[in-house]
Every structure is written in C-alpha cells, then in structure tokens.
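A.B. asks: I'll drop the sequence and a predicted model, then ask my questions.
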Amino acid sequence: MSRNDQPDLGRRGFLAGATAVAAAGALAGTAAAAPSAAVARPNILVILTDDQPLHTEWATPHTVGWLVDGGVDFPQAHVATPLCAPSRSSIFSGRHARHHGVRDNSSPYNLDQATTFQRALQQAGYRNGLFGKYLNAWHNTDNPPYFEEWLLSAPVTYNDGTYNDNGTVRTVPGYSTTVIRNRALQFLDKAATDHRPWFAFVAPKAPHGPNTPEPKYANTPVPAWNGRPSVPEADRSDKPPYIQNADRTPADGQTVRRNQLRTLLSVDDTVKALHDRLAALGQLHNTLVIYLGDNGYSWSDHGWGAKSVPYVPAVQVPFYLSWPAGGLGSGTVDHRLVANIDIAPTVLDAAGLAPDPLHDGTSLLGTAQRDHLLVEWWHRGPGGNPHTWSSYKSTTKQYTEYYALHTDDNGREAGTGAVQFREYYDLVADPHQLTNLLHGATPADERRLGIPALAAQLAADRAA
C-alpha cells in the first residue's frame, strides 16, 4: 500500500490492541514493575534525523514502507523548539525548552538528566544504547547518562568522525551514517543472549549541513522541484525585518533539497538494516519504533535557508510510529496535533511505567488531543536574527510574537521581553504563510481575527 492510499482509521484503528498497554500502565505504581510484567515490555527504538523537513519521502521508501504503511503517520507533527539541542532535550524529557532549560545549542548541561525517559527505562531494567549525535556542545569526554552502551559522535561530521566509544574518545573511519548503523546493529544482536528489553537511540547527522552524501549516492538524480509559493515570495513587506532582508534564492533551496535527499538515502539504508535485523531476531513485533526529525528546514522559504523560524517548513517534521504488538502496525493516519514533547510520555506508557508529572506532553497511546501547541525559539546573545519568538500554533492558525529577549552565556533568558513584531496566518486559506494578517491591521481588525484571545493564551502558555 502506498502512503497516499492509506486508510484513515481514526482513533479506533489507532487504539486497536492497546489493551495490553493500558493493563501494564495500571500496574505501574513504581518506576520498576514486577519481573513478569517486564517480559512483555516492548523494546524501544527511536530514530532521530537532523534537520529533516517534510516532503522528503522520496529518499526514504524503506522507512515509509515499514513505519507508515506498517505503522502510524502523524502529518500534524511539530517540534516545540526548531533547534537541535532544545528539541533533543524535549524528546528525552517530555518538556518544553523553557522547562528543561536547554534553550539554545550551547547549554546541554542545563538538562536535568533525572527527568529523562532513559533514566526511567534503565531503572526499570532496560538495556540502553545511544548511537550518533547526542546534544550540541556536549563534551565528547563526558559519557551520556543512563546509557549502558554508546558511540557518541562529537564533533558531528560525515566522514572519519570522532566518537566517544563507551568512554574512549577515538576516530572511527568511514561514513558516519554507516558507522552508526553498524554499531546499532551490534547492540541489537546482543538481544539474542541478553533477554532484557532494550532502548536504542539512533541519531545520524543526516541530512544536516553540509549535507555530504555517501560516495555511492553523491550523484544520484533526485526528482525535480520548482519550489512552493513561499520560496519565490516576491513581497515580504509584511514579514519581520530579518525575513525582509533574507537572501536565499530558489536555486539555493533546490541545492539544499537535493543534497539533503541524497544524504537521507543512507539513512533509509540504515532503517532497512534495523528492520531486517529485528525481523531476524524475532523482535520486530514487540518493538516500539519512533522516527522523526529534530526540526524541519527551510528550502529558501520566504528567502530563509535554515531552521529557527516560526514557519511551517521549520517547525513541522516527519513523525512515524510502529508497534505491531500494541496494535499499531496496520498503516493508519493520526491527524492529531502532536509534538516531540509527546515521545517521553509515549515511551513510558508503552513500557508500563508511571507518567512523569513534569511532562508537558501526553502519551500518543491514549486519546488526549490538544487544540494548539506552544512553539518557541531563543536567540543566543544580544542582537542578531531572528529575534527570540513564541508562537501559538494550531492546525488552522498561527500567531507569533517576537521579543527583545535572548539567552545569556548560561542559557538563561535575558532582556526586557518587550514585543517587537507580530504575525498571524490563516493556515487554511494561506498554508504557505504568504499574508501576515496583522500587517496594517486596525484594532477592530485584530478583534475580528481574535488576536486578543490568542495573545492572552500565548502569554498563559509562556507563564505555565
């Protein structure tokens, strides 16, 4: 079944077979359940790409075949902060960056490791492994907490990289996606003799810049792309100054897209290898697999060629889940508004562990729905672009405020916080965010659009 032919089975299809999960959750009054319950706990595999936007399925047919046609696709998936380290910290902790403290790429040690789901899994008897990129600015001489095995890439490079290999920093020759894949496969192989449930975090650099493809894919032709309406946007006078001054061209976007797709071909090979090894080990059925990007990326949308902005290409990501033993293996589409903060609650739920009261997200195994999401980004240091911003994001509308605010050398907020610019988009009529409805709007216009209520809700979300 192709991705476009998938049936939308709704919540009934999504929850089919989840009774066992609910029963396990009822027993999870402590961090570790009884040994008999641990036998039925699923393995957990999280595959996290770096800067992968939507509309990259051409390069990942094996991934789509396994996790979309044989799992659940979340087309309304977002990251709570479109930047690497804050996003990864949100995945591990289930919390917004304003709560876990990693607001930029320079403060990974602000994350309270005691709040991570890998800690909860290890305490419950899981064998944890990390392979690839961890957190930006993490010292490669420091071991990642609550992992039993690891090959941590730092600094992150595509070829002949430096890794912390179970406590020893060394150079490992070869293309990084392949190196990471091989070590992850070795970790899986130990399941043949070590019968503990396991958690594997597999995080290649791809398709992050410089988007260096594996040699065998260096010249692979990719489908032509002439941009979307937001790429050649001629009039950006309604946008904030940094977007008015952005200078990325459609040709720049085409180049980044082509190179990203080529690097993702190797990621797809890795996903296929992981699938095949799980099948050979007889562990495919009871492994919860979650695949997503840590943030999206702009292919010259509005003249911008990066992430970090409150526009759809940067904040929405591919997000797939599969768990046949939990009833999530039949190819469904879940249209709920979901985010990376939902991963930690989902993992704990699947493992039958008590939810963490600090979580901002909710388990995707239940029926909880949100009508909007808080999305934020902080500029490191005073000055520069884009300014710090926060956004009310739903499936139909988006309201954004930019502030005189930044992070200091310790990753903490500094500045007056005064609002400097605002945007509002009707995502139904204007999915490419071409018309900022607040540009030239009168107070009466703003009341008609419901801006006062949106601004009040955004303020409440930021204060929560």
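C.D. replies: Yep, that arrived.

A.B. asks: pull the longest helix from the protein.
C.D. replies: For the chain, the helix with the greatest residue count under DSSP state H is helix 250-281.

A.B. asks: got the angle between the next helix or strand after that helix and helix 250-281?
C.D. replies: Downstream of helix 250-281, the next assigned helix or strand under DSSP states H and E is strand 287-293. Inter-element angle recorded for strand 287-293 and helix 250-281: 170 degrees (by axes from the mean of the first three to the mean of the last three C-alpha atoms, to 10 degrees).

A.B. asks: Skip ahead from strand 287-293 and say which helix or strand is next.
C.D. replies: Assigned by DSSP H and E, the successor of strand 287-293 is helix 312-315.

A.B. asks: What pairs with the next helix or strand after that following helix, parallel or antiparallel?
C.D. replies: Counting by DSSP H and E, the next helix or strand C-terminal to helix 312-315 is strand 319-322. When pairing is defined by DSSP bridges, strand 319-322 lines up against strand 72-73 (antiparallel), strand 287-293 (antiparallel).

A.B. asks: Quick check: the gap between Pro310 and Ala429.
C.D. replies: Between Pro310 and Ala429 the computed distance is 18 Å (C-beta to C-beta, to the nearest Å). No exception for glycine: its C-beta is placed from N, CA and C like everyone else's.

A.B. asks: what's the answer for Pro155, then?
C.D. replies: Noted for Pro155: a distance of 44 Å to Ala429, by C-beta to C-beta.

A.B. asks: which residues of the stretch 51-200 of the chain fall in helices?
C.D. replies: Ranges of helices in the stretch 51-200 of the chain, per DSSP state H, counting those that start in this stretch, are 61-63, 84-93, 97-100, 117-123, 176-189.

A.B. asks: Averaged pLDDT, the first one. What do you get?
C.D. replies: Pointing back at helix 61-63 there. Mean pLDDT, helix 61-63: 98.

A.B. asks: so what's the nearest residue to Arg95 once chain neighbours are set aside up against?
C.D. replies: Spatial nearest neighbour of Arg95, excluding adjacent residues (C-beta to C-beta, 6 or more residues apart in numbering): Asp360 at 5.0 Å. The neighbours of Asp360, taking C-beta atoms under 8 Å, 6 or more residues apart in numbering as the test, are Ala80, Gly94, Arg95, His96, His99, Ile341.

A.B. asks: Kindly tell me how buried the second one is, as a neighbour count.
C.D. replies: Summarising burial for Gly94: neighbours were counted as other C-beta atoms under 10 Å, giving 30.

A.B. asks: Mind pulling the model confidence for it?
C.D. replies: At Gly94, the pLDDT value in this model is 98.

A.B. asks: same deal with the first one?
C.D. replies: The pLDDT attached to Ala80 in the predicted structure is 98.

A.B. asks: Show the end-to-end separation of stretch 95-104, please.
C.D. replies: One end of stretch 95-104 to the other measures 15 Å (C-alpha to C-alpha, to the nearest Å).

A.B. asks: Kindly report the same for stretch 398-414.
C.D. replies: 25 Å.

A.B. asks: So which bits of it are buried?
C.D. replies: By neighbour count with 16 or more other C-beta atoms under 10 Å, stretch 398-414 contains the buried residues Gln398, Tyr399, Thr400, Glu401, Tyr402, Tyr403, Leu405, His406, Thr407, Gly411, Ala414.

A.B. asks: could these go into CSV alongside pLDDT, distance to Val267 and secondary structure?
C.D. replies: Listed next are the buried residues of stretch 398-414 as CSV, based on pLDDT from 0 to 100; distance: C-beta to C-beta, whole Å; DSSP: H, G, I helix; E, B strand; the rest coil:
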residue, pLDDT, distance to Val267, secondary structure
Gln398, 98, 29, strand
Tyr399, 99, 34, strand
Thr400, 98, 31, strand
Glu401, 98, 35, strand
Tyr402, 98, 34, strand
Tyr403, 97, 36, strand
Leu405, 97, 35, coil
His406, 97, 33, strand
Thr407, 97, 31, strand
Gly411, 96, 30, coil
Ala414, 96, 37, strand
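
A.B. asks: With distance to Asn105 added, can I get the residues you listed in a markdown table?
C.D. replies: Converted to a markdown table, the buried residues of stretch 398-414 look like this (distance: C-beta to C-beta, whole Å):
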| residue | distance to Asn105 |
| --- | --- |
| Gln398 | 24 |
| Tyr399 | 26 |
| Thr400 | 21 |
| Glu401 | 22 |
| Tyr402 | 20 |
| Tyr403 | 19 |
| Leu405 | 17 |
| His406 | 13 |
| Thr407 | 10 |
| Gly411 | 9 |
| Ala414 | 17 |
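
A.B. asks: contacting residues around the residue nearest the centre of the chain?
C.D. replies: The centroid of the chain falls nearest to Asp294 when counting by C-alpha atoms, centre = their mean (3.4 Å). Contact partners of Asp294, counting by C-beta under 8 Å, 6+ apart, are Leu48, Thr49, Asp50, Asp51, Gln52, Val79, Cys84, Ser87, Arg88, Ile91, Val317, Asn340.

A.B. asks: Skip the chain neighbours and tell me the closest residue to Arg462.
C.D. replies: Nearest-residue entry for Arg462: Ser390, 5.7 Å, with adjacent residues in sequence omitted and distances by C-beta to C-beta, 6+ apart.

A.B. asks: quick one: the one you found and Leu454, what's the gap?
C.D. replies: Here Ser390 is placed at a distance of 11 Å from Leu454 (C-beta to C-beta).

A.B. asks: Then Thr346?
C.D. replies: From Thr346 across to Leu454, the span is 28 Å (C-beta to C-beta).

A.B. asks: what about the two, which has more around it?
C.D. replies: Per other C-beta under 10 Å, whichever of Thr346 and Leu454 has more neighbours is Thr346, with 24 against 21.

A.B. asks: Quickly find the element holding that one.
C.D. replies: Per DSSP H and E: helix 343-350 holds Thr346.

A.B. asks: how far is that helix from where the chain is centred?
C.D. replies: 15 Å (C-alpha atoms, centre = their mean, to the nearest Å).

A.B. asks: from the middle of its chain, how far away would the following helix or strand past that helix be?
C.D. replies: Going down the chain from helix 343-350, the next helix or strand is strand 373-377, by DSSP H and E. Its chain's C-alpha centre and that of strand 373-377 lie 13 Å apart, by C-alpha atoms, centre = their mean.

A.B. asks: what's the answer for stretch 271-282, then?
C.D. replies: Using C-alpha atoms, centre = their mean, the mean C-alpha position of stretch 271-282 is found 23 Å from that of the whole chain.

A.B. asks: Kindly provide the whole-number mean pLDDT of that stretch.
C.D. replies: Average pLDDT, stretch 271-282: 98.

A.B. asks: Okay, the residue nearest to the centre of the chain and Gln433: tell me how far apart.
C.D. replies: Distance of Asp294 to Gln433, given as C-beta to C-beta: 22 Å.

A.B. asks: The residue nearest to the centre of the chain: what's its closest spatial neighbour, skipping adjacent residues?
C.D. replies: Residue nearest to Asp294 in three dimensions, not counting chain neighbours: Ser87, with 4.3 Å by C-beta to C-beta, 6+ apart.
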